[in-house]
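[1] for reference, the sequence and a predicted model appear below.
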Amino acid sequence: MPAYTYECQSCGDVFDVRRAMMDDSAVVCAVCASTRVRKVYYAPALVGGSAQRSSSGAPAAAAAYTGGGGGCRGGACGCH
Ligand SMILES: [Zn+2]
């Protein structure tokens, strides 16, 4: 579950909240219990996210496996 950073508009406190991406419930400030909080976005966290790395790595791994011909070397397919 990703953590989001919020900034309280009432007292200025900055805090992290772990919640599901589709969770739309109100976030309450841990210091003053105000619901006037603003989500803070950090660009580096979005760019370097693990989701982007894994999506680009998966196709490369699949291509290497297919090109290696590992299934035929075992002799199970009878192609030689
Ligand atoms: Zn607050």
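    Alright, I've got the coordinates.
[2] how about the residues of the protein near the ion?
    Near the ion, the residues belonging to the chain are 8, 10-11, 13, 29, 31-32, 34 when assessed by CB under 5 Å from the ion. All C-beta spots, glycine's among them, are computed from the backbone N, C-alpha and C.
[3] where does pLDDT dip in the chain?
    Screening the chain residue by residue with the criterion pLDDT under 70, one finds the ranges 42-76, 79-80.
[4] where do the helices of it begin and end?
    43-47, 50-67, 70-73 (DSSP state H).
[5] ok so, going back, turn the residues of the chain next to the ion into JSON lines, including neighbour count.
    Putting the residues of the chain next to the ion into JSON lines (neighbours: other CB atoms under 10 Å) gives the following:
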{"residue": "8", "neighbour count": "21"}
{"residue": "10", "neighbour count": "13"}
{"residue": "11", "neighbour count": "13"}
{"residue": "13", "neighbour count": "15"}
{"residue": "29", "neighbour count": "20"}
{"residue": "31", "neighbour count": "12"}
{"residue": "32", "neighbour count": "12"}
{"residue": "34", "neighbour count": "14"}
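[6] show me which positions of stretch 13-29 end up buried.
    By neighbour count, and taking 16 or more other CB atoms under 10 Å as the criterion, the buried residues in stretch 13-29 are 15, 27, 29.
[7] of the residues you listed, closest to residue 40?
    Nearest to residue 40 out of the buried residues of stretch 13-29 is residue 15 (CB to CB; 9.8 Å).
[8] does the closest one touch residue 3 like I think?
    No - contact criterion CB atoms under 8 Å: residue 15 and residue 3 do not qualify, at 10.0 Å.
[9] for residue 7, give me its contacts.
    Contacts for residue 7 (CB atoms under 8 Å, 6 or more residues apart in numbering) come out as 13-14, 37-38, 40.
[10] same question, residue 6
    By CB under 8 Å, 6+ apart, the neighbours of residue 6 are 14-17, 27, 29, 37-40.
[11] count of neighbours near residue 77?
    Residues within reach of residue 77, counting by other CB atoms under 10 Å, total 10.
[12] just the closest of the residues of the chain next to the ion to residue 23, please.
    Ranked by distance to residue 23 (CB to CB), the residues of the chain next to the ion are led by residue 29 at 16.8 Å.
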